[in-house]
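Asker: sequence plus the predicted model coming up.
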Amino acid sequence: MNISRLNLIKCLGFRRSMYLSPLGPAYPWQYCKRLTHNNPHTDCIRPSLHTVLDTRFNKGLAFTMKERQLLGVNGLWPCSTRSPDEQLFGIRANFEARKDPIVKYSYLQALRGRHERLYFRFLSEYTELVLPIIYTPTVGTVCSTFGLIFRSPVGLYITIYDRGHIVEVLQNWRETNIRAICVTDGGRILGLGDLGASGMGISTGKLALYTALGGIPPNLLLAVALDVGTDNEQLLADPLYVGARIKRVKGPEYDDLVQEFMDAVVEVFGPDTFIHFEDFATPNAFKFIRKYQHCFSCFNDDIQGTGSSVLAGFLGVEKVTNHKLNEHVFLFAGAGSASMGIANLLVKELMDRGIKEEDACKNIYVHEAGGLVTQNIPNLVEDLKRFAKKMDPIAKLEDTVEKIKPSILVGATGVGNLFNEQVLRSLAKNHKQPAVFALSNPTSKSECTAEQAYKFTEGRVIFSAGSPFPPVLINEKRLTPGQANNCLVYPGIALGVLSAHARYVPDEVYTIAAYTLANYTTEENRKAGSLYPAIKDANDVAFAIGLNVAKYIFKKNLSNLHPIPEDVCEYLSGFLYRPHYEHTLPNTWEYPKFQSVPLDSETVVKTYLGDIKDKKGEEQKAQK
Ligand SMILES: NC(=O)C1=CN([C@@H]2O[C@H](COP(=O)(O)OP(=O)(O)OC[C@H]3O[C@@H](n4cnc5c(N)ncnc54)[C@H](OP(=O)(O)O)[C@@H]3O)[C@@H](O)[C@H]2O)C=CC1
Ligand SMILES: CC(=O)C(=O)O
Ligand SMILES: [Mg+2]
């Protein structure tokens, strides 16, 4: 094949600036030279190698011999080649061989640092296997142990000391074409509380799903941790904590930092950059989304994403129980971002169906840490007023459940095991098919487990949880809980909003996403016990949500794109990231073709790990 080295480099997708300068863009090269000034050895690194080994382009053993020759890297890998499928098989074997979730997580991070496309291909083809590792529950452990496992930059840290210079910090990121940012200030990470700068783990985890599920190219995404200190005493005393070791900065100084951040994003990356707020403590979460929703392209995942994904679940309850939403009694345990986001979207849905606000709120009860929200509570926050009931106070959740007899119980408290036997039995006493949404993450914070929910309701409950639970066998019936998590909507919402270059995101988008998700749940899913589609279908769900959202943005003239595409589906498909190597040259070089060996995981496991069954037997014998 007659192909020059320059053409090959172009084929593989390297940018001109990257191969013309020795180490990528000129500045880092000069900087590296300065850093290594006194070290004659590091000055001798062959520049082409850096580019070939860049995770975005590196194909490892999948480089054909021809490519290795032309790129001048022949000899760096053993003489065999692997097809992308064979590489994927190797990843799976490696992933399975590791038993500890955090070790699996580290393995995947290392893979990402080596072969970005392979990493995302693995994520999107083995979503069910991988989601509990890169997302809840393992991502909770990642954040709690962030100081220990911190390796290399995965996003930008913007600290309170960067005030006045946020534009410059944003300009330090390696990519210039950023289209979406996931930002946290670490104020309330999952149900784990204030984790300060360790919250970076959640921003990167959320963005991994933008690509794995939403198909959004990773180079368009940026994770940000706003580091304004932490009130977590344990972290402040932890020698390995990576963030600013100061008490959380609050008040105008903090608000100004967020304002400067928003303006800097627009200045550096453009006005329709999508800003995703994640895991801010509730008062800040509401404050910023109310302030910015109509003047920036932004969204709060915990309020709006959760509202949308749980509304989809409610639409499923309607189908299973044959009772319309206005015939149900809702009880929310917790009055934070998640609960209020859901309750507000539910009220909007009821009002869209022609029900007056007052009537819509009548059957929605809220029970927070201090007890049932009633009208005689002094200084009630504005958001709660419309749900406050003219009733005597009730302190215990068990008593509220007994009194109001909810048919749908939602938990977003971060309090593990709050839905105890008494609560669950009480629900089952009053309803043939009550619904329970135990939304708190990670698994240890879930209001109850799937097993408890089924056991104490004789298997009649329609159960969904924020974190994944395996199916449960009860009364000889296998019940599969659905995963009620905003991850089923936010990748699709982001895909629609950023591909359509939305100027802002109206509330209607969250209803659209909810209906799209609900329509993806099949009768088969519902018969198996789930109100949601299987996680393996999450990519299709994200695309369907993205398509409906983009169409809505175009229809309502909220897009900055001109002209708007005629065929939105085709436009969106063209936008998607392809985690496959492109332009692979055939393996026509002189080495003989080796005999291929079938991809048999049992043989591989035996070869590398020995016979696990025998080992187990030996261990048991030894224990005896
Ligand atoms: N599945 C999903 O998609 C999502 C799940 N979540 C999960 O929801 C949880 C809460 O998040 P968020 O709403 O932002 O957090 P908040 O901390 O803002 O809200 C928690 C709420 O629970 C209340 N609460 C605490 N203890 C009890 C109790 N014993 N009984 C009743 N209420 C109680 C708190 O009351 P008070 O303020 O008085 O202490 C507060 O109103 C987290 O665990 C998070 O992981 C969040 C977003 C999405
Ligand atoms: C899922 C999520 O966003 C949370 O638990 O905060
Ligand atoms: Mg969250």
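Answerer: The structure has been received and is ready for your questions. From a predicted model like this one, the values you see are computed outputs, not experimental measurements. Ligands and ions are numbered 1, 2, ... in the order given.
Asker: from here on, just use CA atoms for contacts and neighbour counts.
Answerer: Noted.
Asker: if I look at residue 81, how far off is residue 63?
Answerer: Distance of residue 81 to residue 63, given as CA to CA, to the nearest Å: 7 Å.
Asker: of the two, which one has the most company?
Answerer: Using other CA atoms under 10 Å as the criterion, residue 81 and residue 63 rank with residue 63 on top: 25 against 18.
Asker: need the strands for the stretch 451-600 of the chain, in chain order.
Answerer: 462-465, 472-474, 477-479, 482-483 (DSSP state E, counting those that start in this stretch).
Asker: ok, which of the ones you listed comes nearest residue 154?
Answerer: In terms of CA to CA, the element of the strands of the stretch 451-600 of the chain nearest to residue 154 is strand 482-483, at 27.2 Å.
Asker: can you pull the contacts of residue 447?
Answerer: 411, 412, 413, 414, 415, 416, 417, 418, 419, 438, 439, 440 (CA atoms under 8 Å, 6 or more residues apart in numbering).
Asker: tally of neighbours for whichever residue of the stretch 101-250 of the chain sits closest to ligand 3?
Answerer: The nearest approach of the stretch 101-250 of the chain to ligand 3 comes at residue 190, 5.6 Å away (CA to the ion). Neighbour count of residue 190, defined by other CA under 10 Å: 25.
Asker: over to the one 3 residues further on?
Answerer: For residue 193, the number of neighbouring residues by other CA under 10 Å comes to 17.
Asker: just the strands in the stretch 101-250 of the chain please.
Answerer: Assigned by DSSP E, counting those that start in this stretch, the stretch 101-250 of the chain shows strands spanning 156-159, 180-184, 221-227.
Asker: just put the ones you listed in JSON lines and tack on mean neighbour count, distance to residue 212 and mean pLDDT.
Answerer: Listed next are the strands of the stretch 101-250 of the chain as JSON lines, based on neighbours: other CA atoms under 10 Å; distance: least, CA to CA, whole Å; pLDDT from 0 to 100:
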{"stretch": "strand 156-159", "mean neighbour count": "19", "distance to residue 212": "21", "mean pLDDT": "98"}
{"stretch": "strand 180-184", "mean neighbour count": "26", "distance to residue 212": "15", "mean pLDDT": "98"}
{"stretch": "strand 221-227", "mean neighbour count": "25", "distance to residue 212": "12", "mean pLDDT": "98"}
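Asker: so which of the ones you listed comes closest to residue 444?
Answerer: Among those, if distance is taken as CA to CA, the winner is strand 180-184, at 22.0 Å.
Asker: against which helices or strands is the closest one packed?
Answerer: helix 200-212, strand 221-227, strand 274-277 (3 or more CA pairs under 8 Å, 6 or more residues apart in numbering; DSSP states H and E).
Asker: center of this protein, which residue is that?
Answerer: For the chain, the residue nearest the mean C-alpha position is residue 206 (2.8 Å; CA atoms, centre = their mean).
Asker: surely that one and residue 135 touch.
Answerer: Yes. Taking CA atoms under 8 Å as the definition, residue 206 is a contact partner of residue 135 at 7.3 Å.
Asker: spatially nearest residue to the residue in the stretch 501-624 of the chain that ligand 3 sits nearest to, not counting backbone neighbours?
Answerer: Residue nearest to ligand 3 within the stretch 501-624 of the chain (CA to the ion): residue 510, separated by 16.0 Å. Counting by CA to CA, 6 or more residues apart in numbering, residue 510 lies nearest to residue 308, which is 5.1 Å off, once chain neighbours are set aside.
Asker: now that neighbour: which helix or strand?
Answerer: Assigning secondary structure by DSSP states H and E places residue 308 in helix 306-321.
Asker: in that helix, what counts as buried?
Answerer: Buried positions in helix 306-321, judged by neighbour count with 16 or more other CA atoms under 10 Å: 306-317, 320.
Asker: residues from the stretch 101-250 of the chain in reach of ligand 2?
Answerer: Neighbours of ligand 2 within the stretch 101-250 of the chain, by CA under 6 Å from any ligand atom: residue 190.
Asker: quick one: name the residues of the stretch 101-250 of the chain near ligand 1.
Answerer: Contacts of the stretch 101-250 of the chain with ligand 1, taken as CA under 6 Å from any ligand atom, map to 190, 191.
Asker: can you check the chain too?
Answerer: So the chain meets ligand 1 at 190-191, 281-282, 302, 306, 333-339, 367-370, 412-415, 439-441, 466, 484-486 (CA under 6 Å from any ligand atom).
Asker: just the buried residues from those, in PyMOL please.
Answerer: Per 16+ other CA under 10 Å, the buried members of these correspond to this PyMOL selection:
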select buried, resi 190+191+281+282+302+306+333+334+335+336+337+338+339+367+368+412+413+414+415+439+440+441+466+484+485+486
